[in-house]
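**Student:** Fold the following, please.
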Amino acid sequence: MICVPNSIQQLLLCTDYAKNNIVAELESASQLRAAGFFVTRRPWLDLYGVNVRPVAPFGSTYSKPVVDSSLIHRCLPDELLFEIFARMTPYNLGKAACVCRKWRNTVRNPLFWRNACLKAWQITGVVENYKLMQSVYDSSWRKMWLSRPRIRMDGIYVSRNTYIRAGVAEWKVTNPVHVVCYFRYLRFYPSGRFLYKNSSEKLKDVVKYMNFRSTKAEICHSGRFTMSEDKVEGALLYPGLRPTIWRIRLRLRGTIPGANNRMDLLSIVTSGVQESEVPGPDGDILGVVEGWQDDETHNPEVPAISHTRGLTPFVFVPFEEADTSVLNLPVERMDYYVPG
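**Tutor:** Residues are numbered from 1 along each chain as shown. Model (predicted):
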């Protein structure tokens, strides 16, 4: 029988205990490394704490006081959050609603959407808007904003048109042709006025002066428009020796519900008008042409012409995307990118 000293026995026991601990630690570490492949670290979520309280929607009777453990909500009171949202556009409110549950329920406050609706349909009148909201859209301003056709004021509608022009034969080229590209620009205002420009300039250059402060050299024509359901009708006066009235009819639509980012060009008509019929600078040109037929003219020297070319639909481009829009690309590249 072999006698082992007590000191050696203690050493072996400590070694076995340490070995077992090391094996357990290695196993836990390997599990953590494996979990790292399945769990993505998102440090920005620390702003919202571990448990964010489910905020009741606007108008709910639930009023139990709950302490919000979220850091961003403790630093940003509800009153301040409301003031921030009240100064945002409806499109930014939609983006803010995707941040968290509390913001989504806060954004559903009808006050935000009421102000947006009354501004978007300003020419309709407050009383008429209230009647439509109650009778057609189930007393919901938000539903009215999403479902009712409206003209967007936060950008420019652009129509890109091309035509082929014969060139001059030179050297070995016998039948040359040129692809000419030009644009129609429309910008609408809540007051019922709009600006129109027909130019070969790119969108990023035109958007800089497409306003009522533009100079005469930039040639932006001003007119009046009216809207009935999804139909838009506008008119403006071309100044000159023989005054000419330019009339346009459009149909508003969207690629997705509530987008209102397309306008189908139904007709463009130019006709003459007498000097005595021309209103002042701020006059109602729509009142002059009300009831006119497409082939009607009040000046025999300026016949009525219904234009059949250049009727490509208008595409809406927000102001913040004007510099990066595909409409700024050259013609040969733009044919592959222009949205329908």
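**Student:** hey, let's count contacts and neighbours off CA atoms from now on
**Tutor:** Fine.
**Student:** hang on, isn't His221 packed against Lys197?
**Tutor:** Yes. Under the contact definition of CA atoms under 8 Å, His221 touches Lys197, with a separation of 6.4 Å.
**Student:** The closest residue to Pro318 other than its chain neighbours: neighbour count?
**Tutor:** Counting by CA to CA, 6 or more residues apart in numbering, Pro318 lies nearest to Gly155, which is 4.0 Å off, once chain neighbours are set aside. By the measure other CA atoms under 10 Å, the count of residues near Gly155 is 18.
**Student:** again with Ser267
**Tutor:** With neighbours defined by other CA under 10 Å, the count for Ser267 comes to 17.
**Student:** which residues are in contact with the helix or strand containing it?
**Tutor:** Assigning secondary structure by DSSP states H and E places Ser267 in strand 262-272. For strand 262-272, contacts defined as CA atoms under 8 Å, 6 or more residues apart in numbering pick out 157, 242-255, 294-308, 311-316.
**Student:** and if you look at stretch 307-323?
**Tutor:** Contact with stretch 307-323 is made by 154-162, 203-204, 207, 261-269, 325, 339-340, as judged by CA under 8 Å, 6+ apart.
**Student:** Could you give me the buried positions within that stretch?
**Tutor:** Of the residues in stretch 307-323, those buried under the neighbour-count criterion (16 or more other CA atoms under 10 Å) are 310-317, 322-323.
**Student:** So, low pLDDT: which residues of this structure?
**Tutor:** Scanning the chain for pLDDT under 70 picks out 1-73, 169-174, 215-218, 240, 280-283, 331-340.
**Student:** for it, what spans make up the strands?
**Tutor:** Counting by DSSP state E, residue ranges of the strands within the chain are 155-166, 177-188, 193-199, 221-228, 231-238, 244-253, 262-272, 305-307, 314-318.
**Student:** closest to Asn105 out of those strands?
**Tutor:** Using CA to CA as the criterion, the shortest distance between Asn105 and the strands of the chain is 26.5 Å, found for strand 314-318.
**Student:** quick check: angle from that closest one to strand 177-188?
**Tutor:** Relative orientation of strand 314-318 with respect to strand 177-188: 60 degrees, computed using axes from the mean of the first three to the mean of the last three CA atoms, to 10 degrees.
**Student:** May I have the strands that pair with strand 314-318, each with its orientation?
**Tutor:** Strand 314-318 has the following sheet partners, assigned by DSSP bridges: strand 155-166 (antiparallel), strand 262-272 (antiparallel).
**Student:** Pick the most deeply packed of those.
**Tutor:** strand 262-272 (a mean of 20; mean count of other CA atoms under 10 Å).
**Student:** Only alpha carbons, please: show that strand as PDB.
**Tutor:** Only the C-alpha atoms of strand 262-272 are listed here, as PDB (Å, rounded to 0.1, in the frame of the first residue of the first chain):
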ATOM      1  CA  ARG A 262     -48.300  61.300 -60.000                       C
ATOM      2  CA  MET A 263     -50.400  63.600 -62.200                       C
ATOM      3  CA  ASP A 264     -51.800  62.400 -65.500                       C
ATOM      4  CA  LEU A 265     -51.800  65.200 -68.100                       C
ATOM      5  CA  LEU A 266     -55.300  65.100 -69.700                       C
ATOM      6  CA  SER A 267     -55.100  68.200 -71.900                       C
ATOM      7  CA  ILE A 268     -53.200  71.400 -72.600                       C
ATOM      8  CA  VAL A 269     -55.100  74.100 -74.600                       C
ATOM      9  CA  THR A 270     -54.000  77.600 -75.600                       C
ATOM     10  CA  SER A 271     -56.500  80.200 -76.800                       C
ATOM     11  CA  GLY A 272     -56.700  83.900 -77.400                       C
END
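**Student:** now that strand and strand 231-238, what's the angle there?
**Tutor:** Computed by the same axes, to 10 degrees, the angle between strand 262-272 and strand 231-238 is 40 degrees.
**Student:** What count of nearby residues applies to Val177?
**Tutor:** Neighbours of Val177 under the rule other CA under 10 Å: 12.
**Student:** gap between stretch 296-304 and the chain center?
**Tutor:** A distance of 40 Å separates the C-alpha centroid of stretch 296-304 from that of its chain, computed with CA atoms, centre = their mean, to the nearest Å.
**Student:** ok so, going back, make TSV from the strands of the chain and add distance to Glu83 to it.
**Tutor:** Written out in TSV, the entries for the strands of the chain read as follows (distance: least, CA to CA, whole Å):
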stretch	distance to Glu83
strand 155-166	25
strand 177-188	27
strand 193-199	30
strand 221-228	32
strand 231-238	34
strand 244-253	32
strand 262-272	32
strand 305-307	49
strand 314-318	24
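**Student:** of these, which approaches Asp284 most closely?
**Tutor:** Closest of the strands of the chain to Asp284 is strand 221-228, at 6.9 Å (criterion: CA to CA).
**Student:** Tell me the buried residues in that closest one?
**Tutor:** With burial defined by 16+ other CA under 10 Å, the residues of strand 221-228 counted as buried are 221-225, 227.
**Student:** again, but for stretch 133-140
**Tutor:** Counting neighbours by 16+ other CA under 10 Å, one finds that the buried residues in stretch 133-140 are 133, 137, 140.
**Student:** Right, I'll call it a day here.
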